[in-house]
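Chemist: Sequence and predicted model, in that order:
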Amino acid sequence: MVNSMISSGVINLYIDPDLYMLFFPINYRARIYWECVYTFLYVKKLNIMKFVTDRMLGKLSRWLRLFGYDTLEIKKQENEDDTLLALAEKEGRILVSRDRVLVRKAIKRGIRTYPVQSPEIMEQLREMQGEFGISIEPQLDRCTLCNSVIRKVKPEEMELVRAKDYVYPDRLGEGTEFWLCDNCGQVYWQGRHWENIMERAERLKK
Ligand SMILES: [Zn+2]
């Protein structure tokens, strides 16, 4: 009798948590609550994708940082592949590479990996969009050179900006906001280069 109930699926009435919830409205509300929490965490997870790229993808790394993604790139060194793989494993980073051998090694170790196909930066970004649904919204959140989080320069810190020979004097007037990377000292502002970045981002969205 019990066996026939199990095989016919009737027994599910007693053990299927979804059906159980349907019979107890209070718990059903609790289920909706937990589903909301789960969805929130899932969306958060998408937003906190972290990457590590091989040295051939320096431009792509800088663009990913520009879109706010934590993206590491390692310098030329001995055992470069092992260092990259260890970093991806330890920090839960997605390995992005054009090196087929490295990609194969990563897959073998169960590391989430994306083998970039195109040598051209805009195409590479399109690939990343297609694969990970990355957000194409340039933001001044992260240093494109060293990946550290950047911050707005306070009015009393303008000496730091004046000391940079790449900041045009006409930019130092009132109205221009600056951002600073405390790690490497790079200064950012939304000048003509920023307009170019926005233009390219708009093209990527089409
Ligand atoms: Zn920096």
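Modeler: Cool, the structure landed.

Chemist: Can you name every helix or strand that whichever strand or helix holds residue 89 contacts?
Modeler: Residue 89 belongs to helix 80-91 when assigned by DSSP states H and E. Where contact means 3 or more C-beta pairs under 8 Å, 6 or more residues apart in numbering; DSSP states H and E, helix 80-91 is packed against strand 51-53, strand 94-97, helix 100-108. Glycine gets a C-beta too; all of them are placed from N, C-alpha and C.

Chemist: Any chance of JSON lines for the ones you listed, columns mean pLDDT, mean neighbour count and distance to residue 195?
Modeler: Putting the helices and strands packed on helix 80-91 into JSON lines (pLDDT from 0 to 100; neighbours: other C-beta atoms under 10 Å; distance: least, C-beta to C-beta, whole Å) gives the following:
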{"stretch": "strand 51-53", "mean pLDDT": "97", "mean neighbour count": "25", "distance to residue 195": "26"}
{"stretch": "strand 94-97", "mean pLDDT": "97", "mean neighbour count": "24", "distance to residue 195": "27"}
{"stretch": "helix 100-108", "mean pLDDT": "96", "mean neighbour count": "14", "distance to residue 195": "36"}
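
Chemist: a markdown table for those, including distance to residue 132?
Modeler: As requested, the helices and strands packed on helix 80-91 are arranged in a markdown table below (distance: least, C-beta to C-beta, whole Å):
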| stretch | distance to residue 132 |
| --- | --- |
| strand 51-53 | 9 |
| strand 94-97 | 7 |
| helix 100-108 | 16 |
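
Chemist: how about those, which one is nearest residue 136?
Modeler: Nearest of the helices and strands packed on helix 80-91 to residue 136, taken as C-beta to C-beta: strand 51-53 at 15.2 Å.
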